[in-house]
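**Student:** sequence first, then the predicted structure:
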Amino acid sequence: MNYRETLDYLFSQLPMYQRIGPAAYKADLNNTIALSHRLGKPEKNFRSIHIAGTNGKGSVAHMMASVLQEAGYKTGLATSPHLKDFRERIKINGKPIPKDAVARFVNRHRSFFSRLQPSFFEMTMAMTFHWFAEQKTDIAVIETGMGGRLDSSNIIIPELSVITNIGMDHVQFLGPELTDIAREKAGIIKQGIPVVVGQRQKAVQHVFEEAAVKQKTDLTFASDHFTVLESRTVLVNGRPRLVAEVMHQDRTCEYSMDLTGNYQLYNLVTVLGALHVLNRTGSMKVPRDAIRAGLQNVVENTGLLGRWQQIGRRPDIICDAGHNAEGIGMVFDQLAGIPHHTMRVVFGMVDDKERASIISLLPKQAVYYFCKPSVPRGLDAGRLASDAGFSGLHGKAFGTVIEALAAAKKDALPNDLIFVGGSTFVVAEVV
């Protein structure tokens, strides 16, 4: 099989949560362990950093990888889902795994896959570990998929475990309460391996404290040690930068980031906390100039897409991949601060998200263009429009994301503001 045929096989033959939802979820590590044994336990042949959390783990993973690249390490980066190309999930120093390597791996192990019947994510993690080991990466930043304890990535023994925060998402798998979700995320905490939690949240902090005691390891809440005093957005060579003044141990330091969503300030604190622990433990040496350069060049170094990304001007068109109540709430808070005449929102969701809590956060004065992302899990645009209408939101339903965006552009004046989001899969169709 060539690369295109390989992708067709992966998407059609292996259950993929991003496309079909709960039917693809595997609540154990049996397949992951079997794949590891088949490949000679490749995850043992490189160092790693493991990142979990409800919001921000993708951005944190990309920021960490960018900093480590700037520090001179050959850095692997494993994230999900992809937006445009499967190979976005597996990168080394920002370069996606080659097409022929994907095809070669699947062709070599296809008969084993047929017998084992792994999920798409289980197979992808196996490919990731194999590629990082084969390419002799110095360090790999590994983002969990949905949870932590039973995530297919959770067979690694990392240098550091990082948990960004806890919010209400994937409750049908991870539990109905915040504490249930926290316990699943805390499942990445390993015996003797230091753990950094980005935010101290009173409702769940005891979960991480108990897990750290049980695993006999050090726990650091990054927000206890790093505080953003102020921030501003500036233009550098015509490009926006988010500049933050951060206090640590009674000293202030300024950081400039090319990720300009205000929610990245939370992720910045998590990253700084994680890097401080790495340096303190001596696990890795990451100098301050590498931290500064890495934060300034995340998009260039890693190819990150869809995080507060501007895709048009006059009218300004901004997209963001936030897809749960906490993430979408922060996005619309920032949108409200941008001067505009009319806000036009191209919005779609998948059908297993909690619609009511998300819809309640959307501004009633905006004009909506509801759409269905082109995945099997996509929520029917008419149904979404109907639900939104009951909450006082006004707009029309469109068959596709592209049609919805085209209509918004047609209706917009130069000083309007268009936002595209609601789902990673909506954003994937426009970036």
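**Tutor:** The structure has been received and is ready for your questions.
**Student:** please pull out the lowest mean pLDDT helix or strand from this protein.
**Tutor:** Taking mean pLDDT, DSSP states H and E as the measure, the chain has helix 17-20 as its least confident helix or strand, at a mean of 45.
**Student:** nearest spatial neighbour of the residue most central in space within the chain, skipping sequence neighbours?
**Tutor:** Closest to where the C-alpha atoms of the chain average out (Cα atoms, centre = their mean) is residue 58, at 2.6 Å. Spatial nearest neighbour of residue 58, chain neighbours left out: residue 79 (5.5 Å); criterion: Cβ to Cβ, 6 or more residues apart in numbering. The C-beta positions use only the backbone N, C-alpha and C, and glycine is treated the same way.
**Student:** quick one: contacts for the residue nearest to the centre of the chain?
**Tutor:** 79, 143, 304, 307, 321 (Cβ atoms under 8 Å, 6 or more residues apart in numbering).
**Student:** only alpha carbons, please: show the regular element (helix or strand) spanning it as PDB.
**Tutor:** Assigned by DSSP states H and E, residue 58 belongs to helix 57-70. Only the C-alpha atoms of helix 57-70 are listed here, as PDB (Å, rounded to 0.1, in the frame of the first residue of the first chain):
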ATOM      1  CA  LYS A  57      -2.400  19.900  26.900                       C
ATOM      2  CA  GLY A  58      -1.900  20.300  23.200                       C
ATOM      3  CA  SER A  59      -0.600  23.800  23.400                       C
ATOM      4  CA  VAL A  60       1.600  22.900  26.400                       C
ATOM      5  CA  ALA A  61       3.000  19.900  24.500                       C
ATOM      6  CA  HIS A  62       3.900  22.100  21.500                       C
ATOM      7  CA  MET A  63       5.400  24.800  23.700                       C
ATOM      8  CA  MET A  64       7.500  22.300  25.600                       C
ATOM      9  CA  ALA A  65       8.700  20.700  22.300                       C
ATOM     10  CA  SER A  66       9.600  24.100  20.800                       C
ATOM     11  CA  VAL A  67      11.700  25.000  23.900                       C
ATOM     12  CA  LEU A  68      13.500  21.600  23.900                       C
ATOM     13  CA  GLN A  69      14.300  22.000  20.200                       C
ATOM     14  CA  GLU A  70      15.800  25.400  20.900                       C
END
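**Student:** any idea how far that helix is from the middle of the chain?
**Tutor:** Computed by Cα atoms, centre = their mean, to the nearest Å, the separation of helix 57-70 from the middle of its chain amounts to 11 Å.
**Student:** before we move on, what about stretch 80-97?
**Tutor:** In this view, stretch 80-97 has its centroid 12 Å away from the chain centroid, taken as Cα atoms, centre = their mean.
**Student:** for that stretch, what is the average pLDDT?
**Tutor:** Across stretch 80-97, pLDDT averages out at 96.
**Student:** quick one: contacts of that stretch?
**Tutor:** Contacts of stretch 80-97 (Cβ under 8 Å, 6+ apart): 7, 10, 18, 65, 69, 74-79, 98-99, 102, 121, 124, 127-128, 131-132, 135, 137, 143, 145, 300-303, 305-306, 321, 424, 427-428, 431.
**Student:** buried stuff in it?
**Tutor:** 80-83, 86-94, 96-97 (16 or more other Cβ atoms under 10 Å).
**Student:** how is this structure divided into domains?
**Tutor:** 3-302, 309-428 (automatic domain parsing).
**Student:** show me where the chain dips below the pLDDT cut-off.
**Tutor:** For the chain, applying pLDDT under 70 flags the ranges 15-27, 168-176.
**Student:** rerun that using 80 as the cut-off
**Tutor:** Scanning the chain for pLDDT under 80 picks out the ranges 13-28, 146, 168-176, 352-353.
**Student:** thinking again about what came up before, restricted to strands, list the buried residues of stretch 80-97.
**Tutor:** If you go by DSSP state E, the buried residues of stretch 80-97 have 90, 91, 92, 96 in strands.
**Student:** as TSV, those residues with distance to residue 31 would be great.
**Tutor:** Shown next, in TSV, are these (distance: Cβ to Cβ, whole Å):
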residue	distance to residue 31
90	18
91	24
92	25
96	25
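**Student:** of those, closest to residue 150?
**Tutor:** residue 90 (21.2 Å; Cβ to Cβ).
**Student:** what's across from that closest one in the sheet?
**Tutor:** Judged by DSSP bridges, the bridge partners of residue 90 are residue 78.
**Student:** can you tell me how far it is from residue 142?
**Tutor:** According to Cβ to Cβ, to the nearest Å, residue 90 and residue 142 sit 11 Å apart.
**Student:** which neighbours do those two share?
**Tutor:** Shared contacts of residue 90 and residue 142 (Cβ under 8 Å, 6+ apart): 76, 78, 128.
**Student:** excluding sequence neighbours, find me the nearest residue to residue 276.
**Tutor:** residue 225 is the one closest to residue 276 (Cβ to Cβ, 6+ apart), at 7.0 Å.
**Student:** swap in residue 3?
**Tutor:** residue 99 is the one closest to residue 3 (Cβ to Cβ, 6+ apart), at 3.8 Å.
**Student:** residue 167 - that's part of a helix, no?
**Tutor:** No. Using DSSP: H, G, I helix; E, B strand; the rest coil, the assignment for residue 167 is coil, not a helix.
**Student:** in the stretch 51-200 of the chain, what residue spans correspond to strands?
**Tutor:** Assigned by DSSP state E, counting those that start in this stretch, the strands in the stretch 51-200 of the chain fall at 75-78, 90-92, 95-96, 139-143, 160-163, 195-197.
**Student:** would you list the ones you listed in JSON lines and tack on distance to residue 151?
**Tutor:** Shown next, in JSON lines, are the strands of the stretch 51-200 of the chain (distance: least, Cβ to Cβ, whole Å):
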{"stretch": "strand 75-78", "distance to residue 151": "11"}
{"stretch": "strand 90-92", "distance to residue 151": "16"}
{"stretch": "strand 95-96", "distance to residue 151": "22"}
{"stretch": "strand 139-143", "distance to residue 151": "9"}
{"stretch": "strand 160-163", "distance to residue 151": "12"}
{"stretch": "strand 195-197", "distance to residue 151": "15"}
